[in-house]
Structure formats: C-alpha cells, structure tokens
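# what follows is a predicted structure for the sequence shown.
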Amino acid sequence: MPLQLDVVALGAPEVDIARRFYTTAFSPAVTDDGDSAALDLHGTGQVALSVTECLATAAGTTPATSGFRGYVLTYTVNQPTEVKSVMEVAARGGAEVLKPAKKALFGSFSGAFQAPDGAIWKVAAATGKDTGPAAAVPLPTETTLILGVTAPKASKTFYEAVGMTVDRDYGSKYVDFHPAKAAIRLCLMERGVLARDAGAAKDGDGFPAIVLNCAAQSRDEVDALLAAATAAGGRITAAAAGTPEGGYGGHFTDPDGFSWKVTH
C-alpha cells in the first residue's frame, strides 16, 4: 500500500475555540469527540482538531513551537468575491490577516490568514474575475496542504519512495501528488518561498502542531510503510504498537521533520 494523506490533524491550545472558528469560517460538517473534533471540508478533505500537547506526545515529541510552522493549507473557491467573503468571516472570527485578498500572479486571486490555533490558511480562486453571484456559503473546489521543505526535489524523492504519485512537477518551485478520493492534496514548496507567499517570516522551529494521518489496511501495511519511510530517509518517532482504541499504529517524520501517523 502506498502512503496517502487521509486526515490532517491540527493541534490547538483549546479545541472548542478552534472548532468554533472553523465552523464559522468554512461551515464544515463537524463531529465532536470529547477533546477532539473532526471536520469534513465539503468533500475536499478531512481535518481533525486535537489538543496540541496530546498530538505532540503521541508523535513522540514536545509541543513547544515558535514562528512559522512550515506549512500552509489552501482553501480554493470559485471566484474572487468568495475569497473576500471567507477572508472577512475569518477575520471577524479572530483570525489575523497576513495578506489581504487581492489579485495574485497568473490571474489568480488570494489572501492569507492565521487562524486562532496558529495554522496558516490561504484562500484562493484560480481566476481574478467574478463569473456570477457569490455563493452564500462558498464551497471549496479543492483543499491542499503545502509543506515548506528544504529541497522540493529531494522531498519529492522521499515521497515517491513511500508510494506517492507525482501529479504536477515544477522542479524546485512546486511539486504535488495525486490525492486520495475526497482528501486533501499534498504539495511541496521551498520553505522560504512558501512563507513569503503566505505573508509570514520563514524563521521558526519546534513542533509545527500538525500530524498527517494515513489509514493502512492491516498491521502488516503499517509495518511496511514505517519500514519504507525509514529506508527512504525518514525517522521513526513512535514505534508501531497497539492503540488505546484497539488498533495498531506508529509515527515517523519525513526528512524535513513533518510527522506522519500510520494506523490500522
């Protein structure tokens, strides 16, 4: 089984505050489970909200973090008016606007904000012109996770080694992979370029308060994926073992330190 991105888990100091913010900003379907919450972004991906400290402990690290976390989530809608609408709702909900919504390169339109939990989101439309009335609730056409890496070509080699299939490859500028059905698309950019695009300083270290989740079909597949990640240059941070829910899983980090959880 190849590695695939099924769920993006975001750490938050207070899950209730994060849930309220994302419910207001994106109107997702929400499932609450005590200290965590699951968000369905209208069929374009799954986001889980967890207490940052718990997420870090399970990943075999400490929750301390500072500065740019090294990733940007992109919420793509149909037209500029919808970008503005989402940005305005996010700002009213407590987000910090990093880049006001405006026309960007190659005719696109985008803005960026940092959510109360610390995650940076870019809201974008592929066109700089409206094609009709804005939807009352702008729905995404795609959601992506862009990892800021040291060398996109080297990172691409790692992810190919664990089974991911490249979709678009622009060398050292941008690489992305075919997403699983109804899942967030994984992308790679150079860290400094990504930070600049989002309106953030590139410096930062510590746990980025994000864990990427892959659901395996068996315990053997969990073991195989962890072994493949290690062979490709990743590092096991939590060895495969039984989970409190009765499953089986482990954690590894890619060469840039982004944490993955593989479970059955």
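Here it is on my side, so go on. Residues are numbered from 1 along each chain as shown.
# any idea how far Thr157 is from His42?
His42 sits 33 Å away from Thr157, going by Cβ to Cβ, to the nearest Å. All C-beta atoms are positioned from the backbone trio N, CA, C, and that covers glycine.
# of those two, who's got more company?
For His42 and Thr157, the more surrounded residue by other Cβ atoms under 10 Å is His42, and the numbers stand at 18 against 13.
# Pro138 is in contact with the more buried one, correct?
No: with contact defined as Cβ atoms under 8 Å, His42 does not count as touching Pro138 (9.6 Å).
# can you check the pLDDT for Ala91?
Predicted confidence (pLDDT) at Ala91: the value is 98.
# surely it and Phe113 touch.
Yes: at 6.7 Å, Ala91 counts as touching Phe113 under the criterion of Cβ under 8 Å.
# quick check: neighbours shared by those two?
Both Ala91 and Phe113 are contacted by Val97, under the criterion Cβ atoms under 8 Å, 6 or more residues apart in numbering.
# who has more neighbours out of these two?
Using other Cβ under 10 Å as the criterion, Ala91 and Phe113 rank with Phe113 on top: 25 against 15.
# which ones are touching that one?
87, 90-91, 95-98, 120-121, 123.
# next one: Val8
45-48, 73, 145, 184, 210, 212-213.
# likewise for Val123?
By Cβ under 8 Å, 6+ apart, the contact set of Val123 is 74-77, 83, 86-87, 90, 101, 110-113.
# now swap in Val86 and tell me
25-26, 75, 77, 123, 138.
# rerun that using 6 Å as the cut-off
For Val86, the contacting residues are 123, 138, by Cβ atoms under 6 Å, 6 or more residues apart in numbering.
# quick one: pLDDT of it?
pLDDT at Val86 comes out at 97.
# so which strand or helix has it?
helix 80-92 (DSSP states H and E).
# Ala201 too?
Using DSSP H and E, Ala201 maps to neither a helix nor a strand.
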